[in-house]
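Engineer: I would like to see how this sequence folds:
(one chain, ligands or ions: 1)
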Amino acid sequence: MGTVNLLPLTPPGSTPVRVLTIAGSDSGGGAGIQADLRTFAMLGIHGCVAVVAVTVQNSLGVKAFHEIPLDIIAGQIEAVTSDIGIASAKTGMLASAEIIETVAATWRTQGLEATPLVVDPVCASMHGDPLLHHSALDSLRNTLFPLATLITPNLDEVRLLVDIDVIDEDSQHRAAQALHALGPKWVLVKGGHLRGASESPDLLYDGREFHQYSTPRIDTGHDHGAGDTLAAATTCALAHGYSVPDAVGFAKGWVTECLRAAYPLGHGHGPVNALFRLHTR
Ligand code: PXL
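Structural biologist: Residues are numbered from 1 along each chain as shown. Next up, the predicted model:
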């Protein structure tokens with residue numbers, strides 16, 4: 001366990017690389033900003049946060065969520081980027097069309113278009129509880145995707161976004177092309193939920209080249225926060241100047257180790273474990 005390469009560390013006392021997560025809070029501590037901050041910290045990165053929603057959640061599911069007012073969301077992004085500065089950012093749960101429009105507008109008014117942005121188009125929890133109003137899909141496609149360096153949909157999200165059922169390699173390629181046409185620089189179609197696959201086959205596409213990633217599919221009932229963790233680790237590698245294909249390769253290795261170390265929690269699904277490295281000395 002723990003054979004994944006690490007990112008460069010900043011010496012103690014000097015300012016580390018900073019990244020921003022724009023996402024929801026998971027009261028159960030497994031996914032959302034809690035998962036993002038664990039991965040950022042374990043990779044030596046100072047994590048900043050713009051909370052967009054607070055979920056009422058445990059290992060059994062999401063009971064409710066409360067959306068943060070739009071001016072407070074924009075204010076968090078402005079406060080962080082105007083003072084602390086960020087090398088990259090990611091979005092997770094965004095809840096509504098209004099929040100997506102606010103995040104996109106703030107990204108532009110703060111002049112962040114050249115900053116790498118990973119958009120994880122979170123639509124529902126692993127239990128199927130909605131985390132995005134379906135009326136917001138158009139905002140995601142039309143407003144946020146064109147600002148994204150990379151989008152990282154899973155197969156359920158692909159179906160909602162471009163109406164393609166990914167069942168094999170051919171449909172995964174078609175989905176990548178359809179999603180790329182919506183404007184992001186790169187698309188990662190995650191194949192982790194492909195039925196019967198013994199590998200987790202992800203496909204990365206930038207409009208020209210396809211890159212295939214295959215890591216062993218880890219058979220665990222505890223994978224809450226896996227998608228967030230993959231996007232968070234990719235965001236960290238981009239902050240260190242990795243190319244997108246290298247950043248995704250790094251993040252696949254990271255999330256595989258987090259899955260191997262996943263643990264039971266409560267009465268339902270446990271989370272992936274970004275703290276696995278604390279056990280390897
Ligand atoms: O894993 C996606 C996700 C992101 N953000 C929040 C979540 C979840 C899944 O449950 O609750 C807040």
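
Engineer: how about the contacts made by the residue nearest the centre of the chain?
Structural biologist: For the chain, the residue nearest the mean C-alpha position is Ala231 (3.2 Å; CA atoms, centre = their mean). Remark: with contacts taken as CB atoms under 8 Å, 6 or more residues apart in numbering, Ala231 is in contact with 90, 92, 118, 120, 152, 251. To be clear about C-beta, it is placed using only N, CA and C from the backbone, and glycine gets the same treatment.

Engineer: cool, and Leu144?
Structural biologist: 91, 94, 100, 103-104, 119.

Engineer: alpha carbons only: can I get the helix or strand encompassing Thr234 in PDB?
Structural biologist: When secondary structure is defined by DSSP states H and E, Thr234 falls within helix 226-239. Extracted C-alpha coordinates of helix 226-239, given in PDB (Å, rounded to 0.1, in the frame of the first residue of the first chain):
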ATOM      1  CA  ALA A 226     -14.000   8.500  -4.800                       C
ATOM      2  CA  GLY A 227     -15.000  10.900  -7.600                       C
ATOM      3  CA  ASP A 228     -14.200  13.900  -5.500                       C
ATOM      4  CA  THR A 229     -10.900  12.500  -4.500                       C
ATOM      5  CA  LEU A 230      -9.900  11.800  -8.100                       C
ATOM      6  CA  ALA A 231     -10.800  15.300  -9.100                       C
ATOM      7  CA  ALA A 232      -9.000  16.800  -6.000                       C
ATOM      8  CA  ALA A 233      -5.800  14.900  -6.700                       C
ATOM      9  CA  THR A 234      -5.900  15.900 -10.400                       C
ATOM     10  CA  THR A 235      -6.400  19.600  -9.300                       C
ATOM     11  CA  CYS A 236      -3.300  19.300  -7.000                       C
ATOM     12  CA  ALA A 237      -1.100  17.900  -9.800                       C
ATOM     13  CA  LEU A 238      -2.300  20.600 -12.200                       C
ATOM     14  CA  ALA A 239      -1.300  23.200  -9.500                       C
END
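
Engineer: chain center to the next helix or strand after it: distance?
Structural biologist: Scanning forward in sequence from helix 226-239 by DSSP H and E, the next helix or strand is helix 244-260. The chain centre lies 12 Å from the centre of helix 244-260; the measure is CA atoms, centre = their mean, to the nearest Å.

Engineer: for helix 244-260, packing partners?
Structural biologist: Helices and strands touching helix 244-260, as assessed by 3 or more CB pairs under 8 Å, 6 or more residues apart in numbering; DSSP states H and E, comprise strand 199-205, strand 210-216, helix 226-239.

Engineer: repeat the analysis, applying 6 Å as the threshold.
Structural biologist: Counting contacts by 3 or more CB pairs under 6 Å, 6 or more residues apart in numbering; DSSP states H and E, the secondary-structure elements packed against helix 244-260 are strand 210-216, helix 226-239.

Engineer: would you mind listing the buried residues in that helix?
Structural biologist: Neighbour counts over helix 244-260 (16 or more other CB atoms under 10 Å) mark 244, 247-259 as buried.

Engineer: show me where pLDDT drops low in the protein?
Structural biologist: Across the chain, residues meeting the criterion (pLDDT under 70) sit at 1-3, 193, 195-197, 280-281.

Engineer: where do the strands sit along it?
Structural biologist: When assigned using DSSP state E, the strands of the chain occupy the ranges 18-26, 46-58, 61-67, 88-91, 117-119, 150-151, 186-189, 199-205, 210-216.

Engineer: the ligand contacts on the stretch 1-150 of the chain?
Structural biologist: 23-24, 26, 31-32, 55, 57, 62, 92-93, 122, 125, 131 (CB under 6 Å from any ligand atom).
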